[in-house]
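predicted model follows, preceded by the sequence.
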Amino acid sequence: MACTSFTKLNAASSQWIGQQPFTQRHGSSATRRVSVPIRAKAYTDELVQTAKSIASPGHGILAIDESNATCGKRLASIGLDNTETNRQAYRQLLLTTPGLGEYISGAILFEETLYQSTTDGKKFVDCLRAEKIVPGIKVDKGLVPLPGSNNESWCQGLDGLASRSAEYYKQGARFAKWRTVVSIPCGPSALAVKEAAWGLARYAAISQDNGLVPIVEPEILLDGDHPIERTLEVAEKVWSEVFYYLAENNVLFEGILLKPSMVTPGAEHKEKASPQTIAQYTLTMLKRRVPPAVPGIMFLSGGQSEAEATLNLNAMNQSPNPWHVSFSYARALQNSVLKTWQGRPESIEAAQRALLVRAKANSLAQLGKYSAEGENEEAKKGMFVKGYTY
Amino acid sequence: MSAFKGKYHDELIANAAYIGTPGKGILAADESTGTIGKRLSSINVENVEENRRALRELLFTTPGALKYLSGVILFEETLYQKTAAGQPFVELLKENGVLPGIKVDKGTVVLAGTNGETTTQGLDGLAQRCQKYYEAGARFAKWRAVLNIGVTEPSQLSINENANGLARYAIICQENGLVPIVEPEILVDGSHDIEKCADVTERVLAACYKALNDHHVLLEGTLLKPNMVTPGSEAPKVAPEVIAEHTVRALQRTMPPAVPAVVFLSGGQSEEEATVNLNAMNKLKGKKPWTLSFSFGRALQSSTLKAWGGKPENVAKAQAAFLARAKANSEATLGIYKGDAKLGEGASESLHVKGYKY
């Protein structure tokens, strides 16, 4: 049953659930071009509204869509077994944090979590709705080796994506996420870039067709010893391809969100860049590639420390931008939480407070008002893992 | 490489930004000898060099008009001409804060196998010509690509070919110190509605920016000269606000904020229409991280030409007409035009010519 009572969302589209999206065809002459309305589809208004509500000032996304295997690594780091109960307990801790909605406008879930409830039997999606947090869903099926490339990957998940998306929509999801990667040490090859961009464009079109705002995430991995100029070069190429294919696939730009990596030097480059430099290069890239119709840019943290990720975001928000510039952080929001919780029920409240501390810091960074005073040592620890697989 | 960083990098960025100064715009006075001949014959003036020079002098010496202009596009002949008193036009313009620009394309030719679609020529020897023009004082260039809307047009070939041509032209200009104005004009001819024009405009602009990016063009050192998004010439007219919404939306979907300004072509709209539409765009609320301004030819000169008639005793009257349009368009870039410009004769006359060849 579709969730029709999100107060911020236009529920009129619920009439379309179960119906085929329509296209008008005036005759079938081979030379006659069908004139379709400009990217208008069944869910247009709702997509635009959802994207806007996620991209609202002082807000960003909490990414907790770790696959079971990856979640297992997180749990293992605090000595817990990778069981459904433990995964449920951990996500419950996060999703029932009181007041989370003041800083978080969207939460990306893994499929298992979308269908889970609290130990009291309250659906996770309902917990989110109560805080006015839009539920999102990871829809890709992970990375696999790309044949004919230079040891690069491509992202799977298009098969059956339409019906899965429709099911997720019925369960209450209103945005989707698909993460593909590009590796600078491996080239990247033109093939890998094209595949990444085309896969994202196909996924985005299918998502929109089924009522989900697609988050477009071509992560340019931090791995490598390249300077920041090289990252800028690759990022400009990748985003140029992405936007071109999105346009070719008739994706509605007002109904998408981006999840880029920030433009930084490679993790093994001899010099670190300051937040101001990272902001300057990243904003240059965005201004050269992102049309203003896109409502929000929600950065991934990609192995930066919690404090770094916040400082860099803050530096990017020191003057007005033509799009909402915010965060979609997983590790950079959860690291302290995990360490505080340690799996102990008596530590839940403290862990939730730790989450609020990070969420608030990033909310302030989105507004350009963050100050690093008082950040603890844990927050400054880098989380880069070489050759990190999700 | 990401965006090209040649020796003119900073100058290109500064000049492009200057052209986009709110309150200013471009006078397109780059009619080729053949085309200006048509204008002159419409007022019974002979198409000789002295008359062509006199017309341009009339425009450039209009008291008070140059402050509304950030640039003037010239044809090659004009770049080397002087006022009657002997001052080179480029000097006169520069003294008054107006950047000289130069048309560098060599016209369109038909693409074989298409239904009359065209590509634009002019790449051969372009680098050398740009250097020469830079030395003569030019600081920006213009190249007009032409597409049209039909049952099967624009074809993918036409889009790709014209986008690629624009990109090659743009990077060559930047290598030689000229800010390239990127002009993919989608002709207004046809009976299509505004939605169709919007769809085609968005496709064409997406292809243009893809090509510019592939060719490493420095977007901060370019300008865009698109058509406004309107119904076809044979379709019912719509309100300026509707044109404004569709046009701004098309740009929001395709134009990266790095590009400092859009300088619209008038494409056959009457002088008053073009101004009112530009004004509506600047009044519109929404994300517009670039200046929206004008690069008008016919829509700035039409009533001026009529008032002049080629006669020296009419110069003051003609200049008054030109000043009125320049001021009106300046106000339109600020969204403050009240529609009260003293309309010269013909200011509301459509300037559309079907199948117009430049």
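Arrived safely, thanks for sending.

and the nearest residue to residue A:58 once chain neighbours are set aside, what helix or strand is that in?
In space, and not counting its chain neighbours, residue A:58 is closest to residue A:363: 4.8 Å by C-beta to C-beta, 6 or more residues apart in numbering or on different chains. The C-beta positions use only the backbone N, C-alpha and C, and glycine is treated the same way. For residue A:363, the host element (DSSP states H and E) is helix A:348-366.

that helix: which residues count as buried?
A:348, A:351-352, A:354-366 (16 or more other C-beta atoms under 10 Å in any protein chain shown).

check contacts around residue 212.
All of this is about chain A. By C-beta atoms under 8 Å, 6 or more residues apart in numbering or on different chains, the contact list for residue A:212 reads A:136, A:137, A:139, A:165, A:168, A:169, A:173, A:174, A:175, A:176.

chain B, not that one
B:166, B:167, B:170, B:182, B:219, B:222.

where does pLDDT dip in the stretch 251-390 of chain A?
Applying pLDDT under 70 to the stretch 251-390 of chain A picks out residues A:374-378, A:387-390.

which parts of it sit against chain B?
Within the stretch 251-390 of chain A, the residues that sit near chain B (C-beta under 8 Å from any C-beta of the partner chain) are A:253-254, A:284, A:286-293, A:322-323.

picking up where we left off before, for the buried residues of helix A:348-366, which one is nearest chain B?
Chain B has its nearest neighbour among those in residue A:366, at 17.5 Å by C-beta to the nearest C-beta.

which element is the residue lying closest to the closest one once chain neighbours are set aside on?
The shortest distance from residue A:366 to any non-neighbouring residue, by C-beta to C-beta, 6+ apart, is to residue A:326 (4.6 Å). Element membership of residue A:326, judged by DSSP H and E, is strand A:324-329.

over to residue A:184?
Counting by DSSP H and E, residue A:184 is part of no helix or strand.

count the residues that sit near the residue nearest to residue B:41 when sequence neighbours are not counted.
Among residues not flanking residue B:41 along the chain, residue B:47 sits closest, at 6.8 Å (C-beta to C-beta, 6+ apart). Counted with other C-beta atoms under 10 Å in any protein chain shown, the neighbours of residue B:47 add up to 14.

repeat for residue A:190
11.

distance of it from residue A:152?
Distance from residue A:190 to residue A:152, counting by C-beta to C-beta, to the nearest Å: 11 Å.

and the strands in chain B?
Assigned by DSSP state E, chain B shows strands spanning B:25-29, B:69-74, B:99-103, B:108-110, B:118-120, B:140-147, B:179-186, B:223-224, B:261-264, B:291-296.

tabulate these in JSON lines, adding columns for mean pLDDT and distance to chain A.
JSON lines is the format used below for the strands of chain B (pLDDT from 0 to 100; distance: least, C-beta to the nearest C-beta, whole Å):
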{"stretch": "strand B:25-29", "mean pLDDT": "98", "distance to chain A": "21"}
{"stretch": "strand B:69-74", "mean pLDDT": "98", "distance to chain A": "21"}
{"stretch": "strand B:99-103", "mean pLDDT": "98", "distance to chain A": "23"}
{"stretch": "strand B:108-110", "mean pLDDT": "96", "distance to chain A": "20"}
{"stretch": "strand B:118-120", "mean pLDDT": "97", "distance to chain A": "20"}
{"stretch": "strand B:140-147", "mean pLDDT": "98", "distance to chain A": "15"}
{"stretch": "strand B:179-186", "mean pLDDT": "98", "distance to chain A": "15"}
{"stretch": "strand B:223-224", "mean pLDDT": "98", "distance to chain A": "12"}
{"stretch": "strand B:261-264", "mean pLDDT": "98", "distance to chain A": "12"}
{"stretch": "strand B:291-296", "mean pLDDT": "98", "distance to chain A": "13"}
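
take these and lay them out in a markdown table including mean neighbour count and distance to residue B:83.
Below are the strands of chain B laid out as a markdown table (neighbours: other C-beta atoms under 10 Å in any protein chain shown; distance: least, C-beta to C-beta, whole Å):
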| stretch | mean neighbour count | distance to residue B:83 |
| --- | --- | --- |
| strand B:25-29 | 28 | 14 |
| strand B:69-74 | 28 | 14 |
| strand B:99-103 | 26 | 14 |
| strand B:108-110 | 13 | 33 |
| strand B:118-120 | 20 | 32 |
| strand B:140-147 | 25 | 22 |
| strand B:179-186 | 27 | 25 |
| strand B:223-224 | 26 | 27 |
| strand B:261-264 | 26 | 26 |
| strand B:291-296 | 27 | 23 |
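
just the contacts of residue B:212: which are in helices?
Under the assignment DSSP state H, the contacts of residue B:212 contribute B:166, B:167, B:170 to helices.

mind putting the residues you listed into CSV with distance to chain A, pLDDT and neighbour count?
Shown next, in CSV, are the ones in helices among the contacts of residue B:212 (distance: C-beta to the nearest C-beta, whole Å; pLDDT from 0 to 100; neighbours: other C-beta atoms under 10 Å in any protein chain shown):
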residue, distance to chain A, pLDDT, neighbour count
B:166, 15, 98, 27
B:167, 12, 98, 23
B:170, 14, 98, 28
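
report the contact partners of residue B:274.
Per C-beta under 8 Å, 6+ apart, neighbours of residue B:274: B:264, B:266, B:294, B:296, B:299, B:329.

pretty sure the fifth one sits against residue B:264.
No - at 9.4 Å, residue B:299 does not count as touching residue B:264 under the criterion of C-beta atoms under 8 Å.

if we can go back for a sec, so the helix or strand just after the strand holding residue A:326 versus strand A:324-329, what angle?
Next in sequence after strand A:324-329, counting helices and strands by DSSP H and E, comes helix A:331-341. Orientation note: helix A:331-341 sits at an angle of 40 degrees relative to strand A:324-329 (axes from the mean of the first three to the mean of the last three C-alpha atoms, to 10 degrees).

can you list contacts of helix A:331-341?
A:62-64, A:74, A:77-78, A:90, A:93-94, A:301, A:303-306, A:309-310, A:327, A:347-348, A:350-352, A:354-355, A:357-359, A:362, A:376, A:378-379, A:381, A:383.

please repeat the previous calculation with a cut-off of 6 Å.
Applying C-beta atoms under 6 Å, 6 or more residues apart in numbering or on different chains, the contact partners of helix A:331-341 are A:62, A:78, A:301, A:306, A:309, A:347, A:350-351, A:354-355, A:358, A:378, A:383.

put together a markdown table for these, with distance to residue A:159 on each row.
A markdown table is the format used below for the contacts of helix A:331-341 (distance: C-beta to C-beta, whole Å):
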| residue | distance to residue A:159 |
| --- | --- |
| A:62 | 29 |
| A:78 | 36 |
| A:301 | 30 |
| A:306 | 36 |
| A:309 | 34 |
| A:347 | 42 |
| A:350 | 43 |
| A:351 | 38 |
| A:354 | 39 |
| A:355 | 35 |
| A:358 | 36 |
| A:378 | 41 |
| A:383 | 33 |
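
which residues are in contact with residue 96?
Picking chain A for this. Applying C-beta under 6 Å, 6+ apart, the residues contacting residue A:96 are residue A:127.

other chain: chain B
Residue B:96 neighbours (C-beta under 6 Å, 6+ apart): residue B:66.

and with 8 Å instead?
B:66, B:67.

likewise for the one 3 residues further on?
The contact partners of residue B:99, taken as C-beta under 8 Å, 6+ apart, are B:15, B:18, B:19, B:70, B:71, B:72, B:93, B:139, B:140.

could those go into JSON lines alongside distance to residue B:101?
As requested, these are exported to JSON lines (distance: C-beta to C-beta, whole Å):
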{"residue": "B:15", "distance to residue B:101": "10"}
{"residue": "B:18", "distance to residue B:101": "12"}
{"residue": "B:19", "distance to residue B:101": "8"}
{"residue": "B:70", "distance to residue B:101": "10"}
{"residue": "B:71", "distance to residue B:101": "5"}
{"residue": "B:72", "distance to residue B:101": "6"}
{"residue": "B:93", "distance to residue B:101": "10"}
{"residue": "B:139", "distance to residue B:101": "7"}
{"residue": "B:140", "distance to residue B:101": "4"}
